[in-house]
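Trainee: generate coordinates for the sequence data below:
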Amino acid sequence: MNLLHLKYAVEVAKAQSISKAAENLYMNQPNLSRAIKELERDLGISIFKRSSKGILVTPQGDAFLHYAINILRQVDEVEALYIGDKTEKQSFSISVPRASYISAAFVEFAKHIDQTKPAEIFYKETNAMRAIDNILKSDYKLGIIRYQQIFDDRFKAMLDEKGLEHELLCEFSYVAVMAKSNPLARTENLNYTDLASFIEIAHADPYVPSLPLAKVKEEEYINAIDKRIFVFERGSQFDLLQHVPNTFMWVSPIPQQTLDKYDLVEVPCKSEKRVYRDVLIYRNGYRLSDLDNLFITEVCKAKRQYL
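Mentor: Below is the predicted model:
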């Protein structure tokens with residue numbers, strides 16, 4: 001087994017295709033296939049299996065790839081420390097829920113990036129599952145995940161199993177956000193039944209560990225509402241709220257400047273009893289960098305200001 005074979009296996013897992021991985025690695029497919037077979041023979045396991053959908057990772061292969069990714073990351077860090085460019089590079093990476101208060105914190109954080117030094121900053125809005133995978137498989141350093149308080153035990157057990165630290169950032173209940181022109185915009189005592197004839201702009205990718213998607217949707221989506229547009233991207237969500245009549249969305253409280261930008265208002269709902277948690281996650285043993293701590297500070301400031 002050698003480092004190149006580890007690199008090959010990680011690339012095949014990412015591409016889910018031998019031919020695509022070979023293309024990405026600038027090598028021919030037979031040589032890559034031979035290297036993977038040699039690696040599997042040396043380890044005594046099957047890392048991949050073929051299916052109609054392409055190359056799939058086996059359970060044994062998933063465990064092996066977890067170690068391989070860590071080894072390659074550590075090699076990169078050693079090379080950068082001793083033989084790489086001596087100019088210090090500012091690095092930061094995080095996956096977060098689609099939350100305006102976190103986005104506002106990121107803007108403030110970005111103002112502090114030293115423009116005299118190289119920088120690589122990654123900020124990805126996604127759901128809890130992908131935020132966790134980004135740390136475990138894509139070398140992101142931090143994540144913030146959002147889930148209902150009732151699923152706290154499920155998430156903590158899964159995070160502990162995967163070797164991830166978890167720190168509570170905040171708890172809150174959703175409010176309904178809608179256009180100022182919405183007929184419900186001035187309602188003081190909003191109920192679920194008031195929203196029955198309206199269209200919900202909803203996140204399309206809810207996730208709870210070890211829970212079927214149908215059950216997750218049952219907990220996340222209110223039965224009284226039967227019209228939904230599922231959207232992944234937060235900017236498009238705001239555009240829909242602004243321009244499509246009689247739409248609304250459940251959100252954590254939004255900064256006033258964002259509401260004003262899109263001509264939106266927040267309306268509390270007395271039926272809304274769900275409590276959500278935003279939780280910071282990172283690898284066990286990971287030492288937070290100065291940029292990590294700066295971002296966390298800005299998130300805490302935004303939490304106090306907006307939540």
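Trainee: and residue 51, what pLDDT?
Mentor: Per-residue confidence for residue 51 comes out at a pLDDT of 83.
Trainee: tell me how far it lies from residue 119.
Mentor: 40 Å (Cβ to Cβ, to the nearest Å). C-betas here are computed from N, CA, C, even on glycine.
Trainee: of the two, which one has the most company?
Mentor: The residue with more neighbours, out of residue 51 and residue 119, is residue 119; 14 against 9, by other Cβ atoms under 10 Å.
Trainee: check contacts around the more buried one.
Mentor: Residues near residue 119 by Cβ atoms under 8 Å, 6 or more residues apart in numbering: 89, 90, 91, 92, 113.
Trainee: what about those, which are in strands?
Mentor: Helix and strand membership here follows DSSP state E; of those, those in strands are 90, 91, 92.
Trainee: walk me through the domains of the protein.
Mentor: Under automatic domain parsing, the residue ranges defining each domain of the chain are 3-82, 90-166+281-306, 174-274.
Trainee: any idea which of the ones you listed scores lowest on pLDDT?
Mentor: Among those, domain 3-82 carries the lowest mean pLDDT (a mean of 88).
Trainee: show me how far that one is from its chain's centre.
Mentor: Between the mean C-alpha point of domain 3-82 and the mean C-alpha point of its chain there is a distance of 24 Å (Cα atoms, centre = their mean, to the nearest Å).
Trainee: repeat for stretch 244-260
Mentor: Stretch 244-260 has its C-alpha centroid displaced from the chain centroid by 21 Å (Cα atoms, centre = their mean).
Trainee: just the CA trace of that stretch, in PDB.
Mentor: Presented in PDB, the C-alpha positions along stretch 244-260 are these (Å, rounded to 0.1, in the frame of the first residue of the first chain):
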ATOM      1  CA  VAL A 244     -45.000  35.400  -5.600                       C
ATOM      2  CA  PRO A 245     -48.200  36.400  -3.900                       C
ATOM      3  CA  ASN A 246     -49.400  34.600  -0.700                       C
ATOM      4  CA  THR A 247     -46.100  32.800   0.100                       C
ATOM      5  CA  PHE A 248     -44.400  32.500   3.400                       C
ATOM      6  CA  MET A 249     -41.400  30.600   4.900                       C
ATOM      7  CA  TRP A 250     -40.400  29.400   8.400                       C
ATOM      8  CA  VAL A 251     -37.100  31.000   9.400                       C
ATOM      9  CA  SER A 252     -34.900  31.800  12.400                       C
ATOM     10  CA  PRO A 253     -35.200  35.600  13.000                       C
ATOM     11  CA  ILE A 254     -33.800  37.600  10.100                       C
ATOM     12  CA  PRO A 255     -31.800  40.900  10.400                       C
ATOM     13  CA  GLN A 256     -33.900  44.000   9.700                       C
ATOM     14  CA  GLN A 257     -31.700  45.100   6.900                       C
ATOM     15  CA  THR A 258     -32.300  41.800   5.000                       C
ATOM     16  CA  LEU A 259     -36.100  42.100   5.600                       C
ATOM     17  CA  ASP A 260     -36.000  45.700   4.300                       C
END
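Trainee: buried sites along stretch 67-84?
Mentor: For stretch 67-84, the neighbour count (16 or more other Cβ atoms under 10 Å) marks 68, 69, 72 as buried.
Trainee: correction: the previous question concerned stretch 165-185.
Mentor: Neighbour-count burial for stretch 165-185, with 16+ other Cβ under 10 Å as criterion, is recorded at 166, 169-170, 172, 174-179, 182, 184-185.
Trainee: go on, stretch 209-219?
Mentor: 209, 216.
Trainee: then stretch 281-298?
Mentor: 281, 282, 283, 291, 292, 294, 295, 296, 298.
Trainee: would you say residue 249 is within a strand?
Mentor: Yes: the assignment for residue 249 is a strand, going by DSSP: H, G, I helix; E, B strand; the rest coil.
Trainee: related to what we said a few turns ago, closest to residue 17 among the contacts of residue 119?
Mentor: Top of the list for closeness to residue 17, among those and by Cβ to Cβ, is residue 91 at 29.3 Å.
Trainee: gap between residue 46 and residue 3?
Mentor: With Cβ to Cβ as the criterion, residue 46 and residue 3 are 21 Å apart.
Trainee: equivalent analysis for residue 36, please.
Mentor: Counting by Cβ to Cβ, the gap from residue 36 to residue 3 is 14 Å.
Trainee: how about residue 264?
Mentor: Between residue 264 and residue 3 the distance, using Cβ to Cβ, works out to 52 Å.
Trainee: look at those two and report which has more neighbours.
Mentor: Neighbour comparison, residue 264 and residue 3: the larger count goes to residue 264, with 22 against 11 (by other Cβ under 10 Å).
Trainee: can you tell me the element the nearest residue to the more buried one once chain neighbours are set aside falls in?
Mentor: Across the structure, with Cβ to Cβ, 6 or more residues apart in numbering as the measure, the residue nearest residue 264 apart from its sequence neighbours is residue 177 (5.4 Å). Assigned by DSSP states H and E, residue 177 belongs to strand 175-179.
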